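Chemist: Next comes the sequence, and after it the predicted model I'd like to discuss.
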Amino acid sequence: MKEQKNLPVKKRQKHRHCLVKLNLFLSSIFLIGCLSIIFSVVSNTVQGETFPNNNIETILDDSIIAVDNFQNNTASEEIENSSIPWYLTLVNDQNPLPENYMDYMINLVDIPGGEKVDERIYDPLMEMLDAAKELGPIVVSGYRTQNKQQSLYDKKIKEFKKQGYSETEAIKLTQQWVAEPGTSEHQLGLAVDINGATYDIYLWLQENSYKYGFIFRYPGNKTDLTGVAEEVWHYRYVGKEAAKEIHERGICLEEYLENSQFQTSSVQNQQEQISLEHSTQIETSWEEYKLHEGEWIPVVPSLP
């Protein structure tokens, strides 16, 4: 069974290697074409003939467009051929953001509060926030760029180091709360951090978010599988069908995909790896939360 699950991944890796080789081949052809044009121009000039500049520019432009279109189409085709729907794309420390995802899979739109999300989740997100309006919900974090994620990651490490943790300890603690750049769901544009006027907003979301296609992504009892400590504010769009099943069965996205017809990689091996890494992490207790700069955050215990 494991070999069957890993097979599509190997195929995709082989496909990527082929694309790289093909791109290098096309680049070589483009370079040779440019050199041929230059040689032709020089030869014609020596023979007393001229080569119209606009013809040269047209040839070069056409060559560049052809190469760009090929690269764009092949990358887009690779992503679109995945058997997993866009709204079930798994991103965590074992599954980085798909290559070229931002170029071919996402269009961002503004939402109230100044954040951005994938336009495909805008309507259900607005419906959910409107349904919870008495609790004053607001999205405090939506789509994040690679640089933004890196900044948050580095900042959290510094905070833990100031509390007395070593570099290694600070990194391990940080990875429970802030994903390494390239492995954050926020970079998909499908995840949001939601705060409210009272803590009750989180209770409401846990009970009702699935009706709008969102899930409580990181429950405290699933940390061994997700690799992330409980985040009561973090919600991820997965579509109504998946959200309903995940909510009713009390499972996480990793578990859902493991038994799903869309699964194309060995999530079981991934979960074992996450569990092993988690067992070596620092034991901490996140029983209290505090409001800091408009966001509910866990109270991290200080070193004795």
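Modeler: Structure received. Residues are numbered from 1 along each chain as shown.

Chemist: What values do phi and psi take at F216?
Modeler: phi -70, psi 100 (degrees, to the nearest 10).

Chemist: any idea which helix or strand carries the nearest residue to it once chain neighbours are set aside?
Modeler: Setting aside the residues directly before and after it, F216 is nearest to Q206 in space (CB to CB, 6 or more residues apart in numbering), at 5.0 Å. C-betas here are computed from N, CA, C, even on glycine. In this assignment (DSSP states H and E), Q206 forms part of helix 200-208.

Chemist: follow-up on the earlier one: state the number of residues packed around the residue nearest to F216.
Modeler: If you count neighbours by other CB atoms under 10 Å, Q206 ends up with 15.

Chemist: So it sits against R217, correct?
Modeler: No - using CB atoms under 8 Å as the test, Q206 is too far from R217 to be in contact (11.0 Å).

Chemist: so when I look at I215, I'm seeing a strand, right?
Modeler: Yes - counting by DSSP: H, G, I helix; E, B strand; the rest coil, I215 is part of a strand.

Chemist: ok, now which ones touch it?
Modeler: Counting by CB atoms under 8 Å, 6 or more residues apart in numbering, I215 touches 209, 235-236, 238, 242-243, 246-247, 253.

Chemist: Of those, which belong to strands?
Modeler: 235-236 (DSSP state E).

Chemist: So which of the contacts of I215 wins on neighbours?
Modeler: For the contacts of I215, the largest neighbour count, defined by other CB under 10 Å, is 29 neighbours, found at Y235.

Chemist: measure it to R249 for me?
Modeler: In this view, Y235 and R249 are 18 Å apart by CB to CB, to the nearest Å.

Chemist: hey, where'd the helices end up in the stretch 51-200 of the chain?
Modeler: 53-80, 101-104, 122-131, 146-162, 167-175, 200-208 (DSSP state H, counting those that start in this stretch).

Chemist: Just the mean pLDDT for the first one, thanks.
Modeler: For helix 53-80, mean pLDDT rounds to 48.

Chemist: before we move on, what about the shortest one?
Modeler: Within the predicted structure, the mean pLDDT of helix 101-104 is 73.

Chemist: The closest residue to Q149 other than its chain neighbours: how many residues sit nearby?
Modeler: In this structure, Q149 finds its nearest non-sequential neighbour in P181, 4.3 Å apart by CB to CB, 6+ apart. Look at P181: counted by other CB under 10 Å, it has 20 neighbours.

Chemist: again with K240
Modeler: Counted by other CB under 10 Å, the residues lying close to K240 total 15.

Chemist: residues touching it, list them.
Modeler: Contact analysis of K240 by CB under 8 Å, 6+ apart lists 210-213.

Chemist: returning to what we had before: among the contacts of I215, find me the one that's closest to L108.
Modeler: Checking the contacts of I215 against L108 with CB to CB, the nearest one is R236 at 16.5 Å.

Chemist: partners of that closest one in the sheet?
Modeler: Here R236 sits in beta bridges with A191, I215, going by DSSP bridges.

Chemist: what sits against it?
Modeler: 185, 190-191, 214-215, 217, 253.

Chemist: if you set the cut-off to 6 Å instead, what comes out?
Modeler: 185, 191, 215, 217 (CB atoms under 6 Å, 6 or more residues apart in numbering).

Chemist: Show me which of the residues you listed are buried.
Modeler: For the contacts of R236, a burial check counting by 16 or more other CB atoms under 10 Å picks out 185, 191, 215, 217.

Chemist: In those, find the pair that's most separated.
Modeler: Across the buried ones among the contacts of R236, the longest distance by CB to CB is 10.9 Å; it joins E185 and I215.
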